[in-house]
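[1] How does the following fold in three dimensions:
(2 chains, ligands or ions: 2)
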Amino acid sequence: MPVLQIRGLTHYFGGLRAVHDFNLDLEPGELVGIIGPNGAGKTTVFNLITGVYRPTEGEILFNGHNLVGKRSDQIVSLGIARTFQTIRLFKNLSVLDNVRIARFARMSYGVPAAMFRLPKYVREEAQTRERALELLDLMGLSEQATWVASSLPYGLQRRLEIARALATEPRLLLLDEPAAGMNPGEIAELMDLIQWIRRRFDLTIILIEHQMRVVMGICERIKVLDFGETIAEGTPAEIQNNPRVIEAYLGEEAVA
Amino acid sequence: MKQPSFSFLSRILAPLRAAYESLPPSVRRWTMPVLLVIFFIVALFSPAFINLYWQQVLIYVGINIILAASLNLVNGYMGEFSVGHAGFMAVGAYVASILTVWVFPRWGWGEYIPYLFPVALLVGGLAAGLTGLVIAFPSFRTRGDYLAIVTLAWNMIVKSVLENIDAIGGPRGFMGMQKLTSVAWVYVWVVITIYLLRNLVYSNFGRGTLSIREDEIASSLVSVDTRKVKITVFVVAAFFAGIAGGLFAHIIQFINPRSFSILKSTDVLVMVYLGGIGSLGGSILGATVYTVLLELLRPLQVWRWVVGPLLLVLLMIFRPRGIMGMQEWRFLVPREERVETLAALMERIRRKGEAVAAPAPVGGSSD
Ligand SMILES: Nc1ncnc2c1ncn2[C@@H]1O[C@H](COP(=O)(O)OP(=O)(O)OP(=O)(O)O)[C@@H](O)[C@H]1O
Ligand SMILES: [Mg+2]
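    Ligands and ions are numbered 1, 2, ... in the order given. Next up, the predicted model:
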């Protein structure tokens, strides 16, 4: 059974049709890429899945739950986590706190328990602290645990954003152009990291990328968007030779 | 604030600090409790050697610490802009006063009133918290910033409602309260308030609150129920404002709606932004400095009312984070959250960590 089923997803911003009739069936453990030129509607798809916007039309089912109309935090609690195209860390908070906040929905103590330091609170906080530090250690961020997030170098900020997403214990991870702003060496390293976390945390992943060659190496399946329409879908080899895709990208290259 | 004066101060205190640090941790642990006990013994006997005026100033400082620390939760930690804190103070003040002046005597508990004072304060706080809930619900319904407008309206509504209820004195005010608030009592409440707020702030709930200020959308996308956090934080802040109001009513023994005008709310805002957002130590500092400053400026008479708003504007422009924005006094940070404790814990975890870690960053960690 598919983890995620998207049917006829359509979204308008006023008169602008950002996404039109987007469909996706995602099997457990798959790594699917979404590519397309600027403004194609890729990020909007993520925003619709995670409840940032409510779709104009269409339905999104995640493990049998209808996501349309749910709040973002509810959707995340069901097991979907994401990163952002432009890094959105909690800049003034520590690296550790960034990760711990992502365990918010996993805390079961109430506010009075926190204020009076009841045993439940002390226990859960200790547990969260350890789990978060373990995750940071695993992700190679242990030395920076007490740093302020904004003081991390760019590559590590990207890494922290992924760690923060993982801290919510997702089944499905949405990565929005994680390679943006990276040099070729960093991109290669990032691709290794994505494949590693995929195995380690047993994840299903959707990866948005702007550059075609980045996704070619690691995705089993690729969807191509242009002006909100799905213009092609298939294996990397099929996509590379698809005339409509070449046209969409050539058109863009000519502009750029 | 001039930097040199600070470093001068820290140079004088350096030997003292060194001596303190040389003490074994088991002794240092007791510093804060012992200091508090000494403080309360002094406070308890203060009527014997501090004159009435300075006692009153000390009490105002304490009340203002409670007000500033609780408002800091909403405006500093959460990054919203509430401007009607005096409205909640009014609710607490009137409810607590009605209890001690009318209700308790009528129930035949007249002679126990000094012992029932904490109960009156708590009921006042709960009433304020309840009104906070009523206001929070519509204001945080949607994203976007209606809170400033709603709380401004709230503050004015409270004032005019109180002015129009004749049974509690209308514009003439309400009196008959005993002088139940003493220096020692106020600081008991200050310590309780700061302790409870500190625990909240250093919980994951508190971190969720901070994340709303940092980036609300990102916050909800890492599972923070932002609406619940906002409402809860607002109610908690209103509760403590209500407590402060009850304490206030039982020191000046006469309250009227004008005591809780928007000017009072502005004073609290100045304390928060002067002391520093996102810092309980900052609120203690801000409340103390500003309260004493206002006392010193008393000769200015009505012009005194210009100081608050003017200071607020200047602060917002030149130092929006305040004196110690986002920093905290060490003793206010729970032991398990101090940097060295966390570093030690990290060290332990790293040693027992898995052999298979994520592919290491290229130019990342430096060993
Ligand atoms: N909040 C919004 N309000 C109005 N229009 C929007 C909004 N968000 C996106 N759009 C528009 O919707 C279209 C799709 O945007 P989207 O961000 O999804 O593109 P994208 O494929 O992620 O592009 P990029 O590669 O530049 O990130 C664009 O034309 C964009 O201008
Ligand atoms: Mg995008």
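
[2] Tell me the pLDDT of the closest residue to ligand 1 within the stretch 151-256 of chain A.
    Proximity of the stretch 151-256 of chain A to ligand 1 (C-beta to the nearest ligand atom) peaks at residue A:210, 4.9 Å away. For glycine as for every other residue, the C-beta is placed from the backbone atoms N, C-alpha and C. Among the per-residue scores, residue A:210 holds a pLDDT of 80.

[3] number of nearby residues for it?
    17 (other C-beta atoms under 10 Å in any protein chain shown).

[4] Next, the nearest residue to it once chain neighbours are set aside: phi, psi?
    Leaving aside its sequence neighbours, residue A:210 sits nearest to residue A:177 (C-beta to C-beta, 6 or more residues apart in numbering or on different chains; 5.8 Å). Main-chain dihedrals, residue A:177, degrees, to the nearest 10: phi 40, psi 60.

[5] before we move on, what about the one 4 residues further on?
    When quoted as degrees, to the nearest 10, the phi and psi of residue A:181 stand at phi 80, psi 10.

[6] likewise residue B:100?
    Per degrees, to the nearest 10, the backbone of residue B:100 is at phi -80, psi -30.

[7] quick one: it from residue B:250, how far?
    7 Å (C-beta to C-beta, to the nearest Å).

[8] Common neighbours of those two, please.
    Listed as contacting both residue B:100 and residue B:250 by C-beta atoms under 8 Å, 6 or more residues apart in numbering or on different chains are B:117, B:177-178, B:180.

[9] neighbours of residue 189, just the number please.
    No chain was given, so I picked chain A. Neighbours of residue A:189 using other C-beta under 10 Å come to 22.

[10] looking at chain B here, not the other one
    By the criterion of other C-beta under 10 Å, residue B:189 has 22 neighbours.

[11] Now do the contacts for it.
    Residue B:189 neighbours (C-beta under 8 Å, 6+ apart): B:62, B:66, B:121, B:243, B:247.

[12] In terms of helix, strand or coil, where does residue A:25 fall?
    strand (DSSP: H, G, I helix; E, B strand; the rest coil).

[13] Surely it is in contact with residue A:32?
    No. Counting by C-beta atoms under 8 Å, residue A:25 stays clear of residue A:32, with 9.7 Å between them.

[14] The two: which is more packed in?
    residue A:32 (20 against 14).

[15] Now that one: phi and psi?
    When read as degrees, to the nearest 10, the backbone of residue A:32 gives phi -110, psi 140.

[16] what's the pLDDT at the spatially most central residue of chain B?
    Computing the C-alpha centroid of chain B and ranking residues by C-alpha atoms, centre = their mean puts residue B:69 first, at 1.5 Å. pLDDT for residue B:69: 98.

[17] Just the element for it, please.
    helix B:52-72 (DSSP states H and E).

[18] go on, residue A:245?
    Using DSSP H and E, residue A:245 falls in helix A:243-255.

[19] Rounded mean pLDDT for that helix, please.
    70.

[20] same check, this time on stretch B:33-45
    Mean predicted confidence for stretch B:33-45 is 81.

[21] Next, the buried residues of it.
    residue B:43 (16 or more other C-beta atoms under 10 Å in any protein chain shown).

[22] Run through the chain and note the low-pLDDT ranges.
    Reading this off chain A. Within chain A, the stretches with pLDDT under 70 are A:250-256.

[23] ah, I was thinking of chain B
    Judged by pLDDT under 70, chain B has its weakly predicted residues at B:1-10, B:142-145, B:353-356, B:362-367.

[24] Quick one: residues contacting the residue lying closest to residue A:62 once chain neighbours are set aside.
    Distances taken as C-beta to C-beta, 6+ apart place residue A:4 nearest to residue A:62, at 5.4 Å, with adjacent residues excluded. Shown in contact with residue A:4 (C-beta under 8 Å, 6+ apart): A:24-26, A:49, A:60-62, A:172, A:204.
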